[in-house]
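Novice: have a look at this fold, sequence not included:
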């Protein structure tokens with residue numbers, strides 16, 4: 001049985017170099033039509049505008065006072081004051097620097113969200129390829145079992161067969177039909193998920209080939225490449241930069257605010273006019289603000305350290321899984337592709353060399369093994385897709 005299994009797997013083994021599928025086309029369509037991506041783009045565009053607001057001068061103030069004198073011969077007094085308040089000049093430069101860093105982080109958040117969504121879509125495509133490939137042997141098994149059932153029924157009618165053989169074939173066919181219909185249902189469900197990700201527009205993906213796997217570097221090199229392009233790490237690094245800029249803004253805001261303006265006064269037929277100046281003493285308003293921003297800075301540093309450590313071991317585990325699955329698939333490639341054990345079993349059953357029970361036991365064994373191979377192949381491509389997420 002072991003030798004037959006090797007021959008069977010050789011027949012169904014696939015090379016690791018697959019033809020280019022239309023998976024990239026599907027991902028491009030989803031990137032263009034996905035409602036979440038569109039909403040995220042609009043949201044972060046609005047956030048960029050918000051980051052640039054609040055750094056202009058305060059609204060000017062106009063005050064008018066008309067005071068009637070008492071007694072009547074005391075005369076009336078008129079005062080007009082026009083003032084413009086502003087922060088200490090260095091505040092505006094610090095706020096602009098902060099806004100620039102926040103805008104940069106907005107782009108990183110958007111790219112990270114889009115990348116995660118495209119990986120989700122790619123995983124669905126990989127699952128679809130697996131299901132499409134599985135449906136082919138299921139259809140063949142279904143047709144072959146139906147053929148044997150018809151033959152056993154004819155033999156039963158002529159007295160050359162037994163009801164037991166018919167029952168075995170019917171049970172086998174029932175199980176295969178169940179697998180066939182369940183797989184077809186999965187395919188339909190996956191297409192619905194793709195349609196949802198494509199903004200409700202139906203998208204056809206009936207591929208039976210995975211994407212082409214590029215040459216993957218050794219772990220240390222790949223880990224550095226992933227970390228260099230990791231948007232989540234970049235956002236955490238940007239948190240540190242923003243926290244530092246917030247500290248600088250808070251320190252600048254602790255400097256006095258000033259106001260300048262024009263003051264007119266008219267009393268007893270005489271007028272006075274000139275400049276108005278003022279300054280606010282920052283005694284209470286900025287209390288603990290710098291302390292708060294320093295605490296945020298400390299949190300950002302801790303979060304970055306934690307993510308870097310967790311992400312390293314996550315990549316390491318994925319890489320180990322990748323090497324293991326790659327080795328298994330390469331072993332399948334090395335197997336000689338010279339025989340088809342199912343055909344041998346068909347001939348043996350037709351010649352009466354094996355019983356119906358032996359035939360179905362053997363075919364189930366080979367079919368189960370091939371199904372396992374397809375699952376391993378799928379997992380290999382999912383691991384590769386996750387490792388190469390940074391390229392999306």
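Specialist: Yep, it's here. From a predicted model like this one, the values you see are computed outputs, not experimental measurements. Numbering: from 1, shown residues only.
Novice: quick one: low-confidence parts of this structure?
Specialist: 1-21, 286, 333-339 (pLDDT under 70).
Novice: can you pull out the strands in it?
Specialist: 61-67, 77-86, 257-267, 270-280 (DSSP state E).
Novice: from the chain's centroid, how far away is the second one?
Specialist: Mean C-alpha position of strand 77-86 versus that of the full chain (CA atoms, centre = their mean, to the nearest Å) differs by 56 Å.
Novice: and for it, what's in contact with it?
Specialist: 57-58, 60-67, 69, 257-267, 276, 278 (CB atoms under 8 Å, 6 or more residues apart in numbering). Where you see a C-beta, it was placed from the backbone N, CA and C, and this is true even at glycine.
Novice: hmm, back to that, so which of the strands of the chain is nearest residue 195?
Specialist: Closest of the strands of the chain to residue 195 is strand 77-86, at 55.0 Å (criterion: CB to CB).
Novice: show me which residues of the closest one are buried.
Specialist: 83, 85 (16 or more other CB atoms under 10 Å).
Novice: next one: stretch 356-372
Specialist: For stretch 356-372, the neighbour count (16+ other CB under 10 Å) marks 356, 359, 360, 362, 363, 366, 367, 370 as buried.
Novice: residue 95: how many residues sit nearby?
Specialist: 21 (other CB atoms under 10 Å).
Novice: what do you get for residue 382?
Specialist: Residue 382 sits with 20 neighbouring residues when counted by other CB under 10 Å.
Novice: what do you get for residue 268?
Specialist: For residue 268, the neighbour count with other CB under 10 Å is 11.
Novice: repeat that for the one 3 residues further on.
Specialist: Look at residue 271: counted by other CB under 10 Å, it has 10 neighbours.
Novice: state the distance from it to residue 66.
Specialist: 14 Å (CB to CB, to the nearest Å).
Novice: go on, residue 185?
Specialist: Using CB to CB, residue 185 is found at 83 Å from residue 66.
Novice: likewise for residue 265?
Specialist: Distance from residue 265 to residue 66, counting by CB to CB: 11 Å.
Novice: compare those two and say which is more crowded by neighbours.
Specialist: residue 265 (15 against 10).
Novice: so that one sits right up against residue 276, yeah?
Specialist: No. Applying CB atoms under 8 Å as the test, residue 265 and residue 276 come out as separate, 10.7 Å apart.
Novice: show me what contacts the closest residue to residue 326 other than its chain neighbours?
Specialist: Nearest non-adjacent residue to residue 326, counting by CB to CB, 6 or more residues apart in numbering: residue 380, 6.6 Å away. Contact analysis of residue 380 by CB under 8 Å, 6+ apart lists 322, 325, 326, 328, 329.
Novice: about what we covered before: please identify which of the buried residues of stretch 356-372 is nearest to residue 107.
Specialist: residue 370 (46.5 Å).
Novice: residue 359 versus that closest one, what's the distance?
Specialist: Applying CB to CB to residue 370 and residue 359 gives a distance of 17 Å.
Novice: want to throw the contacts of residue 380 into TSV with distance to residue 204 and neighbour count?
Specialist: Formatted as TSV, the contacts of residue 380 follow (distance: CB to CB, whole Å; neighbours: other CB atoms under 10 Å):
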residue	distance to residue 204	neighbour count
322	30	20
325	29	19
326	30	16
328	32	14
329	28	18
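Novice: quick one on the thing from earlier: just send the buried residues of stretch 356-372 back as a markdown table, with distance to residue 168 too.
Specialist: As requested, the buried residues of stretch 356-372 are arranged in a markdown table below (distance: CB to CB, whole Å):
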| residue | distance to residue 168 |
| --- | --- |
| 356 | 5 |
| 359 | 9 |
| 360 | 6 |
| 362 | 13 |
| 363 | 12 |
| 366 | 17 |
| 367 | 15 |
| 370 | 21 |
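Novice: off-centre distance for stretch 279-295?
Specialist: Distance of stretch 279-295 from its chain centroid, counting by CA atoms, centre = their mean, is 40 Å.
Novice: for the residue lying closest to residue 166 once chain neighbours are set aside, list the residues it contacts.
Specialist: Spatial nearest neighbour of residue 166, chain neighbours left out: residue 152 (4.8 Å); criterion: CB to CB, 6+ apart. The contact partners of residue 152, by CB under 8 Å, 6+ apart, come to 161, 165, 166, 169, 356.
Novice: 6 Å instead, please
Specialist: 161, 165, 166, 169 (CB atoms under 6 Å, 6 or more residues apart in numbering).
Novice: number of residues surrounding the second one?
Specialist: Using other CB under 10 Å, the number of residues around residue 165 comes to 21.
Novice: could you do the first one as well?
Specialist: Summarising burial for residue 161: neighbours were counted as other CB under 10 Å, giving 16.
Novice: report the separation between residue 49 and residue 43.
Specialist: The value you get for residue 49 to residue 43, if CB to CB is used, is 11 Å.
Novice: more neighbours, the two?
Specialist: residue 43 (14 against 10).
Novice: need the contacts of residue 152 in JSON lines (columns: distance to residue 126).
Specialist: What follows is the contacts of residue 152, written out as JSON lines (distance: CB to CB, whole Å):
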{"residue": "161", "distance to residue 126": "44"}
{"residue": "165", "distance to residue 126": "40"}
{"residue": "166", "distance to residue 126": "40"}
{"residue": "169", "distance to residue 126": "35"}
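Novice: let's see which of those residues end up in helices.
Specialist: The helices, defined by DSSP state H, take in 165, 166, 169 from the contacts of residue 152.
Novice: now those in JSON lines, please, with extra columns for distance to residue 219.
Specialist: Formatted as JSON lines, these follow (distance: CB to CB, whole Å):
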{"residue": "165", "distance to residue 219": "55"}
{"residue": "166", "distance to residue 219": "57"}
{"residue": "169", "distance to residue 219": "51"}
